[in-house]
Every structure is written in C-alpha cells, then in structure tokens.
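[1] sequence and computational prediction follow.
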Amino acid sequence: MVDFKELNGLDKAAILFKTLGTKLALQLFKGMDQSKVNKIRHHMKSISTIPFRVKKEVMEEFYFSYISDKLKPADQETKKPFDFLQKLTDEQVIYLIAEERPRIAGLTIAQLDIERQVSVLQGLDPAIQPEVLTEMGDLHDIPLEGVVSIANELKEKSHFLPKKSEFSRGGGKNLANILGKMRPRDEKRFMEHLEKEAPGVAKEIKNYHFTFDDLILLPKDYLSEILKSVESSDVAYSLKGKDDDLIDKFIDCLPQRTQIILEDEMDLLEGPQPRRKVEAAQKKILDKARELEKEGRFNLSDFMEADFIE
C-alpha cells in the first residue's frame, strides 16, 4: 500500500499532475522548466492506482504549502486573518464554506466562538458534517502560511456574498401580504390548502394575516374607527351572507343614525347579490383596517391571540 510519508517530491508532483490533469496542473505551475515537466510526465506512467487518502494528502500539502509562496509578507492585518468572519452572519459563513473542502470548512468554523461553531456546523450539509467535525480536531499541522492564505482567499470570496437585504425569504409575512391581495374566495381556498398540507406555514401566516371574518375579534372602538371611513352601502354589501354575530357586531359599532342608514341599505339588498360586489366591499373594509394599522392606530395581530391577561 502506498504511504504518503514515503513519497518523494517527484512522486507527489506526478500524483498531483495525474489527479488534476496535466492541462490544469501546468496552469498552476506556469514557468516550470520543460525538462522538469517531461520528467514528471514520464514518472506518471510508472504510477498505478493511488488510494484516495494519499491523493487527498498530496492535494492538501500542495494547497497549504505551495500556494503560500504567493503570500505577501505578513503585516498587522494577518494577526487576526479570520477577523472578517465577525462581520458575517452564521448563514453567510455557511454559504461561504459550503463548497469548500471539509478541512478548510473545519478551519474556518474553528475561528468562531462555540455558539457560532455549533450553529454553522449544523447548517452545513449533514453528509459532510462528521468529516468537518473530524477535521476540526486535527488542524495543528496546517502551517501558518496556509492559514493566512486560506483566510485571504475566503475574505476575498466573502465580498461577493449576498447581503441579507438583497433577497426575499418569503415566509409567513410575505404570504400574508400575497393573500391580502387576493379575492376572499381564493384567499380562503389557499389557506385551507396550507392548513392541510403545511400547518406550520399556515400558523405563521396567521401571525400576520387576518380575514374579513376576523374583524369580529376587534374591540368596538377600533372596529368603529374602520367602519366610519367606509360608505354604508359598502358595509351593507360586505355583510351579505354573514352570520348574525358579525352583523350585530358591525351595527353595534356604529352611531345610532348610521345604524338606521345601514339597516335601510341592507333591506335594499334582499335576495342574491353579485359575488364580485360583496367581495369588493369586504376588501375595501379590510384595506381600510390595514391602512389604519400601518398608521400605528392598533396592531391587528394582537387581537388574533386567544390568550389575554386582564
């Protein structure tokens, strides 16, 4: 069996060329004397099967030692080469090292405090977590030049990480905003689907989303403020087909004179009415409720909670 410790420089170069392919290897060793290249190519022919472990050790030695020749003399910044990680979120660190070799990922994670180490490690692909953890326990043989080189490369790579504000994560709040723009029947249909297929998502949505029927949960003074900003005819249309409890709650929130007007409007709507008109009226009232909430008058989600303390 081939032992890494018994390999000489020519053996390692031949293995490296064979592993990377001559074309790529030559790119990494630009300027190498042609006679040395020919010698390495000739030696490659005498090399048979190389265990993966040995290939890995040769690649690591190349990465941690040979590439260090490109480093500039150390300055004050290299005293804490991984200091840039402190400005990144755990998610950004995970993104940064997700495609790196386990040894590099392990070295990077080891620079964080223990709580962040756990968070980042658990955020990696479960298939590589054990190997990364193993590498974290055996980092003592990485030369200082290699450590600084890795830190510099990762720091440069970190400049291209997406910022948190640059992309949407969706989530319950985003879906609640989408549902709020739908027709009530579609809104109801999608919520029923989510409650069945993704109850966790549906529960999160309910922290941000309320329907027309949820308005019954509002205190009288808040509901009154919403309704006084809407035409009585719209209120009448919105209550078409609704339960008596909701109708009574709406009427009770209005001044006596407005109650009489609303009851007259409701009498005019005897019999079936176009769904589009009913839904449009309900949407007007909901939009007004959301508008007042944005102004800070109240927080509708506070009244969606079942648990109150007197």
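    The structure has been received and is ready for your questions. Since this is a predicted model, take the numbers as computed values, not measurements.

[2] switch to C-alpha atoms for all contacts and neighbour counts from now on
    Fine.

[3] and residue 283, how far from residue 207?
    Separation of residue 283 from residue 207 (CA to CA, to the nearest Å) stands at 19 Å.

[4] these two: who's more crowded?
    residue 283 (21 against 16; other CA atoms under 10 Å).

[5] helix, strand or coil for the more buried one?
    helix (DSSP: H, G, I helix; E, B strand; the rest coil).

[6] residue 254 against residue 224, yeah?
    Yes - Residue 254 is in contact with residue 224 according to CA atoms under 8 Å; the separation is 6.0 Å.

[7] now the lowest-mean-pLDDT helix or strand in the chain: buried residues?
    Lowest mean confidence among the helices and strands of the chain (mean pLDDT, DSSP states H and E): helix 22-28, at a mean of 72. Using 16 or more other CA atoms under 10 Å as the test for burial, helix 22-28 gives 22, 25.

[8] what sits up against that helix?
    Contact with helix 22-28 is made by 16, 17, as judged by CA atoms under 8 Å, 6 or more residues apart in numbering.

[9] what packs against the helix or strand that comes right after that helix?
    Next along the chain after helix 22-28, taking DSSP states H and E as the criterion, comes helix 34-44. Other helices and strands packing on helix 34-44, by 3 or more CA pairs under 8 Å, 6 or more residues apart in numbering; DSSP states H and E, are helix 9-20.

[10] run the angle between the helix it packs on and helix 34-44 for me.
    Helix 9-20 and helix 34-44 are oriented at 80 degrees to each other (axes from the mean of the first three to the mean of the last three CA atoms, to 10 degrees).

[11] check which helices and strands helix 9-20 sits against.
    Looks like helix 9-20 contacts helix 34-44, helix 52-65 (3+ CA pairs under 8 Å, 6+ apart).

[12] okay, angle between that helix and helix 52-65 too, please.
    In terms of direction (the same axes, to 10 degrees), helix 9-20 departs from helix 52-65 by 100 degrees.

[13] return the set of buried residues in helix 9-20.
    In helix 9-20, counting by 16+ other CA under 10 Å, buried: 11, 12, 13, 14, 15, 16, 17, 18, 19.

[14] pick out the most distant pair among the residues you listed.
    For the buried residues of helix 9-20, the farthest-apart pair by CA to CA is 11 and 19; their separation is 12.1 Å.

[15] tell me which of the helices and strands packed on helix 9-20 sits most buried.
    helix 52-65 (a mean of 16; mean count of other CA atoms under 10 Å).

[16] helices or strands up against that helix?
    helix 9-20, helix 144-158.

[17] point out where the stretch 201-310 of the chain drops to low pLDDT.
    Counting by pLDDT under 70, the stretch 201-310 of the chain shows low-confidence ranges at 300-301, 303-310.

[18] ranges for the helices of it?
    220-227, 232-238, 244-252, 256-268, 275-294 (DSSP state H, counting those that start in this stretch).

[19] okay, these, which one's buried deepest?
    Among the helices of the stretch 201-310 of the chain, highest average neighbours (mean count of other CA under 10 Å) belong to helix 232-238, with a mean of 21.

[20] nearest to residue 148, of the helices of the stretch 201-310 of the chain?
    helix 275-294 (50.0 Å).

[21] just give me how far that closest one sits from the chain centre.
    Centre-to-centre, helix 275-294 and its host chain are 32 Å apart (CA atoms, centre = their mean, to the nearest Å).

[22] and for that helix, what's in contact with it?
    Against helix 275-294 from outside (CA under 8 Å, 6+ apart): 183-184, 211-212, 226-227, 229-230, 234-235, 237-240, 298-300.

[23] what about 10 Å?
    180-185, 210-215, 222-223, 225-227, 229-231, 233-241, 296-301 (CA atoms under 10 Å, 6 or more residues apart in numbering).

[24] cool, stretch 256-274 as well?
    For stretch 256-274, the external contacting residues (CA under 10 Å, 6+ apart) are 228, 231-241, 250-254.

[25] same thing but 6 Å
    232, 233, 236, 251 (CA atoms under 6 Å, 6 or more residues apart in numbering).

[26] just the C-alpha atoms of that stretch, please, in PDB.
    Taking C-alpha atoms only, stretch 256-274 is exported to PDB below (Å, rounded to 0.1, in the frame of the first residue of the first chain):
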ATOM      1  CA  GLN A 256     -77.400  55.300  16.100                       C
ATOM      2  CA  ARG A 257     -78.100  57.400  13.000                       C
ATOM      3  CA  THR A 258     -75.600  55.400  10.900                       C
ATOM      4  CA  GLN A 259     -77.200  52.200  12.200                       C
ATOM      5  CA  ILE A 260     -80.500  53.200  10.700                       C
ATOM      6  CA  ILE A 261     -78.900  54.000   7.400                       C
ATOM      7  CA  LEU A 262     -77.100  50.700   7.300                       C
ATOM      8  CA  GLU A 263     -80.200  48.700   8.100                       C
ATOM      9  CA  ASP A 264     -82.000  50.500   5.200                       C
ATOM     10  CA  GLU A 265     -79.100  49.700   2.900                       C
ATOM     11  CA  MET A 266     -79.300  46.100   3.900                       C
ATOM     12  CA  ASP A 267     -83.000  45.900   3.300                       C
ATOM     13  CA  LEU A 268     -82.300  47.100  -0.300                       C
ATOM     14  CA  LEU A 269     -80.000  44.100  -0.800                       C
ATOM     15  CA  GLU A 270     -82.700  41.500  -0.100                       C
ATOM     16  CA  GLY A 271     -82.100  38.400  -2.300                       C
ATOM     17  CA  PRO A 272     -78.900  37.200  -4.000                       C
ATOM     18  CA  GLN A 273     -76.200  39.700  -4.900                       C
ATOM     19  CA  PRO A 274     -73.200  39.500  -7.300                       C
END
